[in-house]
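A.B. asks: Mind folding the following:
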Amino acid sequence: MKKTLIVSMISMATVSCTSTSSPWDDALKLEKSIKRVSFPETVFNITDFGAVANDSLTLNHDAINGAIIACNANGGGKVIVPAGEYYTGPIELQSNVNLHLEEGAHLLFSTDTDLYLPAVLTRWEGVDCYNYRPLIYAYQAENIAITGKGTINGQGSKEAWWPMNGNKRYGAREGIISQRDGGRNKLLRAAEDETPVETRVYGHEEALRPQLINFYECKTALIQDVTLRNSPFWVIHPIFCEDLVVKGVKIFSLGPNSDGCDPESCNRVLIEDCYFDTGDDCIAIKSGRNKDGRKWDIPSQNMIVRNCRMKNGHGGVVVGSEISGGYRNLYVENCVMDSPQLDRVIRIKTNNCRGGIIENIFVRNIEVGQCKEAVLRINLLYESNEDCDRSFPPVVRNVHLENVTSNKSRYGVKIDSYEDSENVYDISVKNCTFNNVKSGNAITGCERISLEGSVFNPVE
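C.D. replies: The predicted structure follows:
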């Protein structure tokens, strides 16, 4: 029997966290708990290690990595990339190193896929594997940073990297191996079959594109002020990281799967004063996919997103879909989101392959010019054709929006859950104003939802 919508005027106290303090007081405490990077004043200039600017025939990754190794070996400090264009292959950060791009500095990464092998340990769409080396990688490093007013360009385009997605829109054509030729399915099947991770080693034949920046199992990290462009795949992807700050970063990447920032199974993260113009979700929080995510059982948790601007993207701030480890305690405030190509504002996407509990999402003071679909979108039926064990229904609870304004959308709130079980509950949309809402609200399978003080004005 189809579930009926229950819309009540319950108070925030009924559906808030069990903590007696305000969630925004908790956010302030969380911010203070995040450890910050600190470096010696020692400077290592990449030109002293042989880097050559403005020469497209010279690749500088040996020089840059040499400067990073020397910096680490001498107690840490700042590795300087001066103004100019530096063509490069993959770079690996080490502990106590701040890779600093001065204003006018450009790192342009080669699109020669051979340079990004042999494979390194990472995750791809939430699944553990050894894959192409990310363009900038750090493994089990502490106290690391990428800073400065320079630009990091992955040089993804319809000619390079993006065609490996397999979509003609992004340049896929005959003769180019893509993930759709079996690589993606091979990886997902390996996880379902519990194939040992050390044997999941992929490269050219699987065509699983690398991330622009991937920190794996790192502690105390900063990415600040840089401009990031044209990633092959996800742009910033921290995995199993603690104490991460992403501040003042500008991201422009309209390729396939160009998520802006995807913290996965991370704890204590601050994302602020950033700009996102992406081909996929602007911010997408992850915690592993299906069996791999449940095996680790490490949630993402304790994250703040504030004072950011989102333009194009599938979602502004998103939880999922690779969220099998669960998520808790997200604070989103004082953001502006506006584009006819921004599909959703706050988005939670998952399914009954994933499992996990997503809880304690607090959102306030968001200004939306327009979005294509819904301001709040919760979908437990995402990727309904995925081949997997579907005996792990997720739970979404304690999601609260307050003082959100929107000038145009198809829906105000759209929720799709299961009709025969209570998996989405305790949702509130308080004192919000949604104008020019084409189709009103569409809510299925949700228990205890409050729209107290909120106005949904139809299209004029």
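
A.B. asks: how distant is stretch 205-220 from the center of its chain?
C.D. replies: 12 Å (C-alpha atoms, centre = their mean, to the nearest Å).

A.B. asks: and if you look at stretch 36-55?
C.D. replies: 28 Å.

A.B. asks: what about that stretch, start to end distance?
C.D. replies: End-to-end distance of stretch 36-55 (C-alpha to C-alpha, to the nearest Å): 36 Å.

A.B. asks: buried set for it?
C.D. replies: For stretch 36-55, the neighbour count (16 or more other C-beta atoms under 10 Å) marks 37, 39, 44, 46, 47, 49, 51, 53 as buried. Using the backbone N, CA and C atoms, a C-beta is placed for each residue, glycine as well.

A.B. asks: And the strands in the stretch 151-300 of the chain, which stretches?
C.D. replies: 151-153, 213-216, 219-224, 227-229, 236-239, 242-247, 250-253, 267-272, 275-278, 283-285, 300-306 (DSSP state E, counting those that start in this stretch).

A.B. asks: State the mean pLDDT of the longest one.
C.D. replies: Going back to what we said before, that points to strand 300-306. Strand 300-306 shows a mean pLDDT of 98.

A.B. asks: Neighbouring strands - and their directions - for that strand?
C.D. replies: In the sheet containing strand 300-306, its partner strands are strand 267-272 (parallel), strand 327-337 (parallel), by DSSP bridges.

A.B. asks: What of the fourth one?
C.D. replies: When pairs are called by DSSP bridges, strand 227-229 turns out to pair with strand 151-153 (parallel), strand 250-253 (parallel).

A.B. asks: How about the contacts made by the residue lying closest to residue 98 once chain neighbours are set aside?
C.D. replies: Spatial nearest neighbour of residue 98, chain neighbours left out: residue 145 (4.1 Å); criterion: C-beta to C-beta, 6 or more residues apart in numbering. The contact partners of residue 145, taken as C-beta atoms under 8 Å, 6 or more residues apart in numbering, are 37, 39, 97, 98, 99, 100, 221, 222, 223, 224.

A.B. asks: What pLDDT is listed against residue 145?
C.D. replies: 99.

A.B. asks: host element of it?
C.D. replies: strand 142-148 (DSSP states H and E).

A.B. asks: how about the helices in this protein?
C.D. replies: 12-15, 23-33, 61-73, 183-192, 290-296 (DSSP state H).

A.B. asks: Mind checking the ones you listed for the one nearest to residue 437?
C.D. replies: Distance to residue 437, taken as C-beta to C-beta, is lowest for helix 12-15 among the helices of the chain, at 23.0 Å.

A.B. asks: so residue 272 sits right up against residue 308, yeah?
C.D. replies: Yes: in this structure, residue 272 is within contact of residue 308 by C-beta atoms under 8 Å, at 6.7 Å.

A.B. asks: Which of these two has more residues huddled nearby?
C.D. replies: residue 308 (25 against 18; other C-beta atoms under 10 Å).

A.B. asks: how close does the more buried one get to residue 249?
C.D. replies: To residue 249, residue 308 is 10 Å away according to C-beta to C-beta, to the nearest Å.

A.B. asks: Chain neighbours aside, what residue packs nearest to residue 293?
C.D. replies: residue 324 (2.7 Å).

A.B. asks: For the one you found, list the residues it contacts.
C.D. replies: Counting by C-beta under 8 Å, 6+ apart, residue 324 touches 126, 287-294, 354-356, 392.

A.B. asks: okay, and for the protein, where does confidence drop off?
C.D. replies: For the chain, applying pLDDT under 70 flags the ranges 1-20.

A.B. asks: Go ahead and flag the most central residue of it.
C.D. replies: residue 262 (1.8 Å; C-alpha atoms, centre = their mean).

A.B. asks: still on that earlier bit, go through the strands paired with strand 300-306 and name the closest to residue 90.
C.D. replies: Taking C-beta to C-beta, strand 267-272 is the member of these nearest to residue 90, at 24.4 Å.

A.B. asks: In CSV, list the C-alpha atoms belonging to that closest one.
C.D. replies: Extracted in CSV, the C-alpha atoms of strand 267-272 (Å, rounded to 0.1, in the frame of the first residue of the first chain):
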residue,chain,number,x,y,z
ASN,A,267,36.4,13.7,9.7
ARG,A,268,36.6,17.3,10.6
VAL,A,269,36.4,19.2,7.3
LEU,A,270,35.9,22.9,6.7
ILE,A,271,35.1,24.1,3.2
GLU,A,272,34.6,27.9,3.0
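
A.B. asks: buried sites along that strand?
C.D. replies: 267, 268, 269, 270, 271, 272.

A.B. asks: Same check on stretch 204-219?
C.D. replies: 206-219.

A.B. asks: Excluding chain neighbours, give the residue nearest to residue 38 in space.
C.D. replies: residue 143 (6.9 Å).

A.B. asks: ok, so what distance separates the nearest residue to residue 435 once chain neighbours are set aside from residue 166?
C.D. replies: Nearest residue to residue 435 in three dimensions, chain neighbours excluded: residue 457, at 4.7 Å (C-beta to C-beta, 6+ apart). Distance of residue 457 to residue 166, given as C-beta to C-beta: 42 Å.

A.B. asks: More neighbours: which of the two?
C.D. replies: Comparing residue 457 with residue 166 by neighbour count (other C-beta under 10 Å), the higher total belongs to residue 166, at 18 against 13.

A.B. asks: List the contacts of the more buried one.
C.D. replies: If you count contacts by C-beta under 8 Å, 6+ apart, then residue 166 has 172, 178, 179, 180, 181, 207 around it.

A.B. asks: tell me the phi and psi of it?
C.D. replies: Main-chain torsions, residue 166, degrees, to the nearest 10: phi 90, psi 0.

A.B. asks: ok, now how distant is it from residue 394?
C.D. replies: 28 Å.

A.B. asks: With residue 221 instead?
C.D. replies: From residue 221 to residue 394 the distance is 29 Å (C-beta to C-beta).

A.B. asks: Could you do residue 152 as well?
C.D. replies: Where residue 394 is concerned, residue 152 sits at a distance of 35 Å (C-beta to C-beta).

A.B. asks: wait, residue 100 sits on residue 80?
C.D. replies: Yes: with contact defined as C-beta under 8 Å, residue 100 reaches residue 80; the gap is 5.5 Å.

A.B. asks: Of those two, give the one with the bigger neighbour count.
C.D. replies: It is residue 100, of residue 100 and residue 80, that has more neighbours when counted by other C-beta under 10 Å, with 24 against 21.

A.B. asks: Residue 326 contacts residue 350, correct?
C.D. replies: No: counting by C-beta under 8 Å, residue 326 sits too far from residue 350 to count as a contact (9.8 Å).

A.B. asks: and for those two, which residues touch both?
C.D. replies: With C-beta under 8 Å, 6+ apart, residue 326 and residue 350 have common neighbours 356, 358.

A.B. asks: These two: which has the busier surroundings?
C.D. replies: Ranked by neighbour count (other C-beta under 10 Å), residue 326 and residue 350 place residue 350 first, with 29 against 25.

A.B. asks: Identify the residues contacting the more buried one.
C.D. replies: Contacts of residue 350 by C-beta under 8 Å, 6+ apart are 319, 320, 321, 323, 356, 358, 379, 380, 382, 394, 396.
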